[in-house]
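Peer 1: Quick one, fold the following:
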Amino acid sequence: MKYKVKLIVGFRRDQEHSIPADEAHKAYHLFFNPDTRTIFSNGLAIKGDQIQEIVPDYQGTMGWNASHQLNDDDWNELRANGVSGNFQRILSASKEIAQRGDPTELNIPLTTLLSKYPKLAPQEERQGSMKRIGD
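Peer 2: Okay, the predicted model is just below:
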């Protein structure tokens, strides 16, 4: 599954931009350094002071229409698939890397950087049940 993050730059629906989660640390770096500007892999060019919020893009991640309003069944599916928990870990790791990491690493994908910072890597939630060991 390809996770996506949404950058909110205004109050209207058309003032939200989706980027790959592999570049979330770059978005947080911009947020913490408002005079900095960058270009994301999807072509979005933005300055840090434009970013008001960085939030999970559940619709983009799941392949749903951007205008789709999440309902109870959607939230249940997101929790059952582990998407909501993984997003919390991805955004937390991205924030830490943006604050403590080397600014020269901003163009390196987050998945690659997590091998350098293994304690920040999101761990997959265990699924299933316990199994008996032995006879």
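Peer 1: Show me what the helix or strand containing Ile90 is in contact with.
Peer 2: Applying DSSP states H and E as the criterion places Ile90 in helix 83-100. With contacts defined as C-beta atoms under 8 Å, 6 or more residues apart in numbering, helix 83-100 is touched by 1, 3, 5, 21, 24-29, 31-32, 54, 56, 58, 61-62, 75, 78-79, 105, 110, 113-114, 117, 120-125. Yep, even glycine has a C-beta here, placed from its N, CA and C like the rest.
Peer 1: just the helices in this structure please.
Peer 2: When assigned using DSSP state H, the helices of the chain occupy the ranges 24-32, 58-62, 72-80, 83-100, 110-116.
Peer 1: The third one relative to helix 83-100, how many degrees between them?
Peer 2: Spelled out, that is helix 72-80. Orientation of helix 72-80 against helix 83-100 (axes from the mean of the first three to the mean of the last three C-alpha atoms, to 10 degrees) gives an angle of 60 degrees.
Peer 1: who does helix 72-80 touch, helix- and strand-wise?
Peer 2: With contacts defined as 3 or more C-beta pairs under 8 Å, 6 or more residues apart in numbering; DSSP states H and E, helix 72-80 has these neighbours: helix 58-62, helix 83-100.
Peer 1: ok, now with 6 Å
Peer 2: Contact here means 3 or more C-beta pairs under 6 Å, 6 or more residues apart in numbering; DSSP states H and E; on that basis helix 72-80 packs against no helix or strand.
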